[in-house]
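Q: 3D model of this:
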Amino acid sequence: MITLKSPREVEMMNESGELLADVHRHLRDFIKPGITSMDIENFVRDFIESHGGVAAQIGFEGYEYATCCSINDEICHGFPRKKPLKNGDLIKVDMCVEYKGAMSDSCWSYAVGEASPEIKRLMEVTKKAMYLGIEQAQVGNRIGDIGHAIQTYAEGEGFSVVRDFVGHGIGPTIHEEPAIPHYGVAGKGLRLKEGMVITIEPMINTGDWQMKMDPNGWTAYTRDGGWCAQYEHTLAITKEGPKILTSQGEEGTY
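A: The predicted structure follows:
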């Protein structure tokens, strides 16, 4: 079922999103060669809880951690671990925050130390693809408009778009209807309505889009070993256009 949020509910989710965005801003300086993704996990959990929030991923469908920390060819849902990060690694940190009962969800990609030119370009294209998708999140548009904008841009730049994991509605729980694919046909799919709150979170690969699952049942890898970047915002569909609720204050700078 799709739940439409009132302006008050959207504002509460925006407060949650501001806390989540603040975590990501602090991670920019925290992530460097030699730290571990478990260090990131502990930092994120402490930050959220010390600011009055709840790390909402913990316990969701049995997941044990506050973050998903996916490295290099891991597409998503990577477990935090104690192996040090190396210069040139690419890590995606995905988290959900509950604050005063309201949910938000955001993932960001971070280069560890100095990324290669190819990975810098992958990150730039993935971020721009997300914002191009967000531009299509207008009242009266269709879900296919979002996916089409992302897919045509990313594939035009020589990358591929993951099919197996998609964006979603959010609130009152982490995952709600509708599903928001990052590929598709313009003019097709469910029509967007005022009050919908969704995530747009493209996962873009250097190689093929196909994936394989880790035996842990959570972590997805690229099948061909290509690297993956991901960016994600939570946003509300409003009459004035999409309202990003997890803004880091850099929209339009890509």
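Q: shouldn't A129 be in contact with Y153?
A: Yes. The pair formed by A129 and Y153 meets the contact definition of CB atoms under 8 Å, at 5.3 Å. Where C-beta positions appear, they are placed from N, C-alpha and C, glycine not excepted.
Q: quick one, which of these two is more surrounded?
A: Here A129 and Y153 are set side by side on neighbour count (other CB atoms under 10 Å), and the busier one is A129, at 28 against 19.
Q: From S50, how far out is that one?
A: Remark: distance between A129 and S50 (CB to CB, to the nearest Å) = 33 Å.
Q: Mind naming the longest helix for this structure?
A: Ranked by residue count under DSSP state H, the longest helix found in the chain is helix 7-30.
Q: tell me which strands and helices it is in contact with?
A: helix 37-50, strand 90-99, strand 102-111, strand 233-238, strand 241-244 (3 or more CB pairs under 8 Å, 6 or more residues apart in numbering; DSSP states H and E).
Q: If we use 10 Å, what do you get?
A: With contacts defined as 3 or more CB pairs under 10 Å, 6 or more residues apart in numbering; DSSP states H and E, helix 7-30 has these neighbours: helix 37-50, strand 90-99, strand 102-111, strand 197-200, strand 233-238, strand 241-244.
Q: So which of these is the most surrounded?
A: For these, the largest average neighbour count (mean count of other CB atoms under 10 Å) is found in strand 197-200, namely a mean of 27.
Q: can you give me the helices in the stretch 51-200 of the chain?
A: In the stretch 51-200 of the chain, the segments counted as helices under DSSP state H, counting those that start in this stretch are 117-135, 143-156.
Q: Return the most buried member of those helices.
A: For the helices of the stretch 51-200 of the chain, the largest average neighbour count (mean count of other CB under 10 Å) is found in helix 143-156, namely a mean of 22.
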